[in-house]
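Chemist: please work out how this folds:
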Amino acid sequence: MAGSRPRAALTDDRHWRGSARFATGCAVAFLGMTLLVDLDAETLTPPRALLWLVMTAVIFTVLLPQRVTAGPGWLEVQGLVRRQWVRTDALVAVRQYGDISAHLILRDTDGHRLELDPRTLVANPLLWHELDTGVRRSREHGTLVEGTDVLEQLGHQIDDVTTRAVLRASGIF
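Modeler: Numbers count the residues shown, from 1 in each chain. Here you go, the predicted model:
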(Lines give C-alpha, C1' and ligand atoms only; values in the text may rest on other atoms or scores of the structure.)
Protein backbone atom coordinates (compact mmCIF):
# COMPACT_ATOMS: atom_id res chain seq x y z
CA MET A 1 0.00 0.00 0.00
CA ALA A 2 2.72 2.45 0.95
CA GLY A 3 4.68 1.78 -2.24
CA SER A 4 1.97 3.39 -4.37
CA ARG A 5 1.89 6.59 -2.30
CA PRO A 6 3.92 9.69 -3.18
CA ARG A 7 6.97 9.96 -0.93
CA ALA A 8 6.04 13.47 0.23
CA ALA A 9 2.80 12.14 1.76
CA LEU A 10 4.65 9.73 4.07
CA THR A 11 5.41 10.27 7.73
CA ASP A 12 8.17 8.10 9.20
CA ASP A 13 9.38 7.31 12.69
CA ARG A 14 12.04 9.99 13.10
CA HIS A 15 14.04 7.87 15.58
CA TRP A 16 14.14 4.67 13.51
CA ARG A 17 17.44 5.36 11.71
CA GLY A 18 19.25 6.05 14.98
CA SER A 19 17.80 2.90 16.53
CA ALA A 20 18.81 0.87 13.48
CA ARG A 21 22.36 2.25 13.71
CA PHE A 22 22.41 1.35 17.41
CA ALA A 23 21.28 -2.22 16.63
CA THR A 24 23.93 -2.53 13.93
CA GLY A 25 26.63 -1.11 16.20
CA CYS A 26 25.77 -3.48 19.04
CA ALA A 27 25.74 -6.48 16.73
CA VAL A 28 29.06 -5.56 15.10
CA ALA A 29 30.65 -4.85 18.51
CA PHE A 30 29.46 -8.23 19.79
CA LEU A 31 30.87 -10.00 16.74
CA GLY A 32 34.16 -8.14 16.99
CA MET A 33 34.59 -8.85 20.70
CA THR A 34 33.75 -12.54 20.43
CA LEU A 35 36.06 -13.04 17.46
CA LEU A 36 38.89 -11.16 19.20
CA VAL A 37 38.49 -13.20 22.39
CA ASP A 38 38.48 -16.42 20.39
CA LEU A 39 41.48 -15.31 18.34
CA ASP A 40 43.40 -14.33 21.45
CA ALA A 41 42.61 -17.66 23.13
CA GLU A 42 43.47 -19.46 19.88
CA THR A 43 40.11 -21.27 19.99
CA LEU A 44 38.54 -19.77 16.85
CA THR A 45 37.34 -22.52 14.54
CA PRO A 46 34.93 -22.35 11.60
CA PRO A 47 32.03 -23.77 13.68
CA ARG A 48 32.68 -21.23 16.46
CA ALA A 49 32.90 -18.39 13.92
CA LEU A 50 29.56 -19.55 12.47
CA LEU A 51 28.09 -19.63 15.99
CA TRP A 52 29.21 -16.02 16.58
CA LEU A 53 27.75 -14.96 13.24
CA VAL A 54 24.40 -16.59 14.06
CA MET A 55 24.35 -15.02 17.53
CA THR A 56 25.19 -11.64 15.98
CA ALA A 57 22.26 -12.00 13.60
CA VAL A 58 19.97 -12.86 16.53
CA ILE A 59 21.15 -9.82 18.50
CA PHE A 60 20.58 -7.58 15.48
CA THR A 61 17.11 -9.04 14.95
CA VAL A 62 16.14 -8.52 18.57
CA LEU A 63 17.45 -4.94 18.74
CA LEU A 64 16.20 -3.69 15.35
CA PRO A 65 12.90 -1.86 15.91
CA GLN A 66 9.95 -2.07 13.58
CA ARG A 67 9.72 0.75 11.05
CA VAL A 68 6.48 2.72 11.33
CA THR A 69 5.20 4.75 8.39
CA ALA A 70 1.90 6.59 7.95
CA GLY A 71 0.06 8.53 5.31
CA PRO A 72 -3.41 9.88 4.72
CA GLY A 73 -5.75 7.10 5.84
CA TRP A 74 -3.21 4.34 6.53
CA LEU A 75 -0.55 3.16 8.96
CA GLU A 76 2.15 0.58 8.27
CA VAL A 77 4.56 -1.33 10.51
CA GLN A 78 7.40 -3.19 8.83
CA GLY A 79 9.62 -5.58 10.71
CA LEU A 80 12.51 -7.65 9.48
CA VAL A 81 10.22 -10.45 8.34
CA ARG A 82 6.67 -9.15 7.97
CA ARG A 83 4.75 -6.05 7.00
CA GLN A 84 1.43 -5.06 8.56
CA TRP A 85 -0.87 -2.18 7.62
CA VAL A 86 -4.33 -0.90 8.39
CA ARG A 87 -6.63 1.73 7.00
CA THR A 88 -6.89 4.26 9.80
CA ASP A 89 -9.96 5.82 8.20
CA ALA A 90 -11.78 2.47 8.46
CA LEU A 91 -10.77 1.17 11.89
CA VAL A 92 -13.06 -1.23 13.71
CA ALA A 93 -11.20 -1.77 16.98
CA VAL A 94 -8.20 -0.54 18.92
CA ARG A 95 -6.95 -2.47 21.93
CA GLN A 96 -4.03 -1.99 24.27
CA TYR A 97 -2.39 -4.95 25.97
CA GLY A 98 0.08 -4.83 28.81
CA ASP A 99 1.14 -2.05 31.11
CA ILE A 100 4.93 -2.12 31.26
CA SER A 101 5.60 -3.24 27.69
CA ALA A 102 2.29 -2.16 26.22
CA HIS A 103 1.33 -2.59 22.60
CA LEU A 104 -1.62 -1.43 20.54
CA ILE A 105 -3.54 -3.69 18.22
CA LEU A 106 -5.52 -1.99 15.47
CA ARG A 107 -8.02 -3.73 13.17
CA ASP A 108 -9.75 -2.28 10.12
CA THR A 109 -12.89 -3.14 8.14
CA ASP A 110 -10.85 -5.11 5.56
CA GLY A 111 -9.65 -7.50 8.29
CA HIS A 112 -6.10 -6.15 8.40
CA ARG A 113 -4.42 -6.19 11.80
CA LEU A 114 -1.44 -4.21 13.06
CA GLU A 115 0.56 -4.35 16.31
CA LEU A 116 2.39 -1.22 17.40
CA ASP A 117 4.37 -0.01 20.38
CA PRO A 118 2.54 3.12 21.62
CA ARG A 119 5.88 4.69 22.60
CA THR A 120 6.53 5.14 18.87
CA LEU A 121 3.45 7.36 18.63
CA VAL A 122 4.43 9.27 21.78
CA ALA A 123 7.89 9.98 20.34
CA ASN A 124 6.53 10.94 16.90
CA PRO A 125 3.71 13.49 17.02
CA LEU A 126 3.40 13.49 13.22
CA LEU A 127 2.67 9.75 13.19
CA TRP A 128 0.13 10.32 15.96
CA HIS A 129 -1.46 13.11 13.89
CA GLU A 130 -1.88 10.81 10.89
CA LEU A 131 -3.44 8.10 13.09
CA ASP A 132 -5.67 10.58 14.92
CA THR A 133 -6.92 12.05 11.62
CA GLY A 134 -7.81 8.56 10.40
CA VAL A 135 -9.49 7.73 13.72
CA ARG A 136 -11.68 10.84 13.39
CA ARG A 137 -12.78 9.65 9.94
CA SER A 138 -13.49 6.18 11.35
CA ARG A 139 -15.69 7.76 14.01
CA GLU A 140 -17.48 9.88 11.38
CA HIS A 141 -18.16 6.76 9.29
CA GLY A 142 -19.29 4.84 12.38
CA THR A 143 -16.85 1.96 11.90
CA LEU A 144 -14.83 2.42 15.11
CA VAL A 145 -16.82 0.57 17.74
CA GLU A 146 -14.12 -0.39 20.25
CA GLY A 147 -11.12 1.41 21.67
CA THR A 148 -11.94 5.11 21.60
CA ASP A 149 -11.07 5.31 25.31
CA VAL A 150 -7.63 3.80 24.63
CA LEU A 151 -6.97 6.37 21.91
CA GLU A 152 -8.17 9.27 24.08
CA GLN A 153 -5.87 8.16 26.90
CA LEU A 154 -2.95 7.86 24.48
CA GLY A 155 -3.79 11.28 23.04
CA HIS A 156 -3.65 12.85 26.50
CA GLN A 157 -0.31 11.16 27.17
CA ILE A 158 1.09 12.48 23.88
CA ASP A 159 -0.23 15.98 24.61
CA ASP A 160 1.42 15.91 28.05
CA VAL A 161 4.78 14.83 26.63
CA THR A 162 4.60 17.43 23.86
CA THR A 163 3.64 20.20 26.29
CA ARG A 164 6.53 19.31 28.60
CA ALA A 165 8.95 19.34 25.66
CA VAL A 166 7.74 22.78 24.54
CA LEU A 167 7.99 24.16 28.08
CA ARG A 168 11.45 22.65 28.55
CA ALA A 169 12.64 24.06 25.22
CA SER A 170 11.35 27.52 26.14
CA GLY A 171 13.08 27.40 29.53
CA ILE A 172 9.86 27.55 31.54
CA PHE A 173 9.96 23.99 32.83
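
Chemist: mind giving me the packing neighbours of the longest helix seen in the chain?
Modeler: In the chain, taking DSSP state H as the definition, the longest helix is helix 16-40. Using 3 or more C-beta pairs under 8 Å, 6 or more residues apart in numbering; DSSP states H and E, the elements in contact with helix 16-40 are helix 46-63. Any C-beta I mention is one placed from the backbone N, CA and C, and that applies to glycine too.

Chemist: report the buried residues of stretch 137-154.
Modeler: With burial defined by 16 or more other C-beta atoms under 10 Å, the residues of stretch 137-154 counted as buried are 137-138, 143-144, 147, 150-151, 154.

Chemist: mind listing the strands for the chain?
Modeler: Counting by DSSP state E, the chain has strands at residues 11-12, 67-71, 74-78, 83-87, 91-97, 103-108, 113-116.

Chemist: for L39, find the nearest of those.
Modeler: strand 67-71 (35.3 Å; C-beta to C-beta).

Chemist: direction included, what does that closest one pair up with?
Modeler: Here strand 67-71 has these sheet partners by DSSP bridges: strand 11-12 (antiparallel), strand 74-78 (antiparallel).

Chemist: contacts for the first one next, please.
Modeler: Strand 11-12 is contacted by residues 67-71, 124, 126-127, 129-130 when judged by C-beta atoms under 8 Å, 6 or more residues apart in numbering.

Chemist: please identify which of those is nearest to R164.
Modeler: N124 (15.7 Å).

Chemist: ok, that closest one - how many residues close by?
Modeler: 21 (other C-beta atoms under 10 Å).

Chemist: that one and G98: what is the separation?
Modeler: 20 Å (C-beta to C-beta, to the nearest Å).
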